[in-house]
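S.K.: Below is the sequence, then the predicted model.
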Amino acid sequence: SQTIHQWPATLVQPVGSPLSLECTVEGTSNPNLYWYRQAAGRGLQLLFYSVGIGQISSEVPQNLSASRPQDRQFILSSKKLLLSDSGFYLCAWTSGVGTDTQYFGPGTRLTVL
Amino acid sequence: GNSVTQMEGPVTLSEEAFLTINCTYTATGYPSLFWYVQYPGEGLQLLLKATKADDKGSNKGFEATYRKETTSFHLEKGSVQVSDSAVYFCALRGTTDSWGKLQFGAGTQVVVTP
């Protein structure tokens, strides 16, 4: 069966520091991968998605970037965090062959102070 | 573009009460529709889905029917439990979203009291 992992689970970082969040999927090949952010008390905002290694599409301009160095690995990064980057970051995947359902990871709670 | 509108929360209910969360959408063609649930501090879990008009998705006592004529996908449960306290998200995948992107509603928080 497929599983999706995210780490770290929680993170507290000072403003201006770098960021690296990791997401990995097991049990599937060539998944579509997605990064979402959920600000406190708000809905989900799609940040990036990827349909293959090295292929990244950005949905909104921001302080963040994403990379996909391996088929089942998706990384969210920032060179300098802003206070507004605080939130709950969720990674998700689909099978990439027309399947509708997205499956989500457990999330990373990021607090920027 | 595609959009999803959910009723605002929080919705507060007593245990064993009937729950309805309204969801309407705007999209061309026949999108796929989903309800996800998020328990406190966790990621989202798929609750149910429907991929064509008049389909009914159901899971864990929850039901939602894909109504093309009213562009709606309302979530219902006949008797809620305290463990149903969570945030519920309605979402759609449009027919032109070839990369599987989902459009989410803002979420509705449900609080069930004993």
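M.R.: Thanks, I have it. Residues are numbered from 1 along each chain as shown, chains lettered A, B, ... in the order given.
S.K.: Contact partners for residue 87?
M.R.: Answering for chain A, as no chain was given. A:37-40, A:110 (CB atoms under 8 Å, 6 or more residues apart in numbering or on different chains). C-beta coordinates here come from the backbone N, C-alpha and C atoms, glycine included.
S.K.: Hmm, no, I was thinking of chain B.
M.R.: B:V87 touches B:9, B:37-38, B:107-110, counting by CB under 8 Å, 6+ apart.
S.K.: Pull up the gap between it and A:S86, please.
M.R.: 18 Å (CB to CB, to the nearest Å).
S.K.: How about B:Y30?
M.R.: When CB to CB is the yardstick, B:Y30 and A:S86 sit 38 Å from each other.
S.K.: what about those two, which has more around it?
M.R.: A:S86 (17 against 13; other CB atoms under 10 Å in any protein chain shown).
S.K.: How about the more buried one: what's its closest non-neighbour residue?
M.R.: Excluding its sequence neighbours, the residue lying closest to A:S86 (CB to CB, 6 or more residues apart in numbering or on different chains) is A:V112, at 4.7 Å.
S.K.: residues contacting the residue nearest in space to the middle of chain A?
M.R.: In chain A, the centroid-proximal residue (CA atoms, centre = their mean) is A:W35; its distance is 3.2 Å. Residues in contact with A:W35 (CB under 8 Å, 6+ apart) are A:23, A:46-49, A:66, A:74, A:76, A:89-91.
S.K.: What helices and strands are in contact with the least confident helix or strand in chain B by mean pLDDT?
M.R.: For chain B, counting by mean pLDDT, DSSP states H and E, strand B:103-104 ranks last in confidence among helices and strands (a mean of 88). For strand B:103-104, the elements it packs on are strand B:3-6, strand B:86-93, judged by 3 or more CB pairs under 8 Å, 6 or more residues apart in numbering or on different chains; DSSP states H and E.
S.K.: Sort out which one of the contacts of A:G87 lies nearest chain B for me.
M.R.: A:Q38 (8.4 Å; CB to the nearest CB).
S.K.: mind listing what the residue nearest to B:V110 when sequence neighbours are not counted touches?
M.R.: The spatially closest residue to B:V110, leaving aside those adjacent along the chain, is B:V11, at 5.0 Å (CB to CB, 6+ apart). By CB under 8 Å, 6+ apart, the residues touching B:V11 are B:19, B:21, B:108-111.
S.K.: Which of those residues has the largest number of neighbours?
M.R.: Busiest of these [other CB under 10 Å] is B:I21, holding 23 neighbours.
S.K.: Please consider this matter closed, and thank you.
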